[in-house]
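In: next comes the sequence, and after it the predicted model I'd like to discuss.
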Amino acid sequence: MSEKRASHNLRGGSTVALADARDALDVENFEPTGDIEETDNGRQIVISRELPQSPQVVWGYLANAARISRWFGHCHTLGDASRMTMVSEEIESSYDVTIAESTPYTYLHLAVNDHQGHDLNIRFYLTEEDNHETYLEFHHSVEGVEEQISLIAPKWELILDRLEIALDGGNVKDVQLANYYPCQVAHYSLPEDK
């Protein structure tokens with residue numbers, strides 16, 4: 001896990017404690033690591049992670065259905081590798097995903113239908129750092145789902161932490177939605193006037 005998240009775990013307990021707290025009323029609340037920002041593509045949820053793996057390794061976990069299944073949930077291709085269905089029981093979400101644009105190891109744009117009438121644009125930007133590690137920046141368009149952002153963003157915080165855990169070979173069930181939601185709702189709520 002990233003240094004920021006790892007240091008948070010040192011303050012809050014081990015991953016074993018997180019797993020044991022799954023069903024407890026006193027669940028550890030994780031601080032949000034992203035924000036809602038204005039970008040060239042409009043208003044976006046922007047969340048970043050520093051990953052010790054190379055962009056080539058991280059890319060495989062973003063663009064390959066079998067590896068996506070290790071951290072997201074069930075994922076399988078629909079006829080070709082650029083079309084997938086992704087289902088996560090943990091976050092009660094199902095998506096049809098098409099790779100709209102990609103530049104291997106640096107940029108991945110996914111066109112996503114969430115089966116709730118929303119067509120979403122999700123982008124991953126990967127940068128190789130001097131030590132061959134990866135700086136990953138995740139963007140999720142706010143357009144059309146403004147009223148759901150305070151739920152969507154904590155779900156992505158969970159999903160990106162699970163990506164990080166899977167890359168490290170850990171158990172993705174060590175983190176649960178209750179670690180992120182509802183404690184991050186206020187941070188990701190849009191002002192009334194926007």
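Out: Ah, there it is.
In: so when I look at residue 96, I'm seeing a helix, right?
Out: No - under DSSP: H, G, I helix; E, B strand; the rest coil, residue 96 sits outside any helix and is assigned strand.
In: got the contact list for it?
Out: 78, 83-85, 112-113, 115 (Cβ atoms under 8 Å, 6 or more residues apart in numbering). Every C-beta, even on glycine, is put in place using the N, C-alpha and C of the backbone.
In: rerun that using 7 Å as the cut-off
Out: Counting by Cβ atoms under 7 Å, 6 or more residues apart in numbering, residue 96 makes contact with 85, 113.
In: cool, and residue 126?
Out: 55, 58-59, 105-106, 134, 136 are the contacts of residue 126 under Cβ under 7 Å, 6+ apart.
In: same thing but 6 Å
Out: Residues near residue 126 by Cβ atoms under 6 Å, 6 or more residues apart in numbering: 55, 106, 134, 136.
In: ranges for the strands of this structure?
Out: With DSSP state E, the ranges of strands along the chain come out as 34-39, 42-51, 74-78, 80-88, 93-103, 107-113, 119-128, 134-141.
In: closest one to residue 158 among those strands?
Out: Nearest to residue 158 among these is strand 80-88 (9.3 Å), distances taken as Cβ to Cβ.
In: what's the average pLDDT for that closest one?
Out: Taken as a whole, strand 80-88 carries a mean pLDDT of 79.
In: buried residues in it?
Out: 84-88 (16 or more other Cβ atoms under 10 Å).
In: and that strand with strand 93-103, angle?
Out: Counting by axes from the mean of the first three to the mean of the last three Cα atoms, to 10 degrees, strand 80-88 lies at 150 degrees to strand 93-103.
In: just to revisit the earlier point, just the buried residues of the contacts of residue 126.
Out: Buried, going by 16+ other Cβ under 10 Å: 55, 134, 136, out of the contacts of residue 126.
In: bridging residues for the second one?
Out: So the one you mean is residue 134. Per DSSP bridges, the residues bridged to residue 134 are residue 51, residue 128.
In: so it makes contact with residue 55?
Out: Yes - using Cβ atoms under 6 Å, residue 134 is in contact with residue 55, at 4.8 Å.
In: lowest-pLDDT helix or strand in the chain?
Out: Using mean pLDDT, DSSP states H and E, helix 3-12 stands out as the lowest-scoring helix or strand of the chain, at a mean of 38.
In: show me what the longest helix seen in the chain is packed against.
Out: Across the chain, the longest stretch assigned as helix under DSSP state H is helix 149-167. In terms of contacts (3 or more Cβ pairs under 6 Å, 6 or more residues apart in numbering; DSSP states H and E), helix 149-167 is packed against strand 42-51.
In: chain center to the longest helix of the chain: distance?
Out: 3 Å (Cα atoms, centre = their mean, to the nearest Å).
In: quick one: which of the buried ones among the contacts of residue 126 is nearest residue 157?
Out: residue 136 (13.2 Å).
In: got the contact list for the closest one?
Out: With Cβ under 6 Å, 6+ apart, residue 136 has these contacts: 49, 51, 126.
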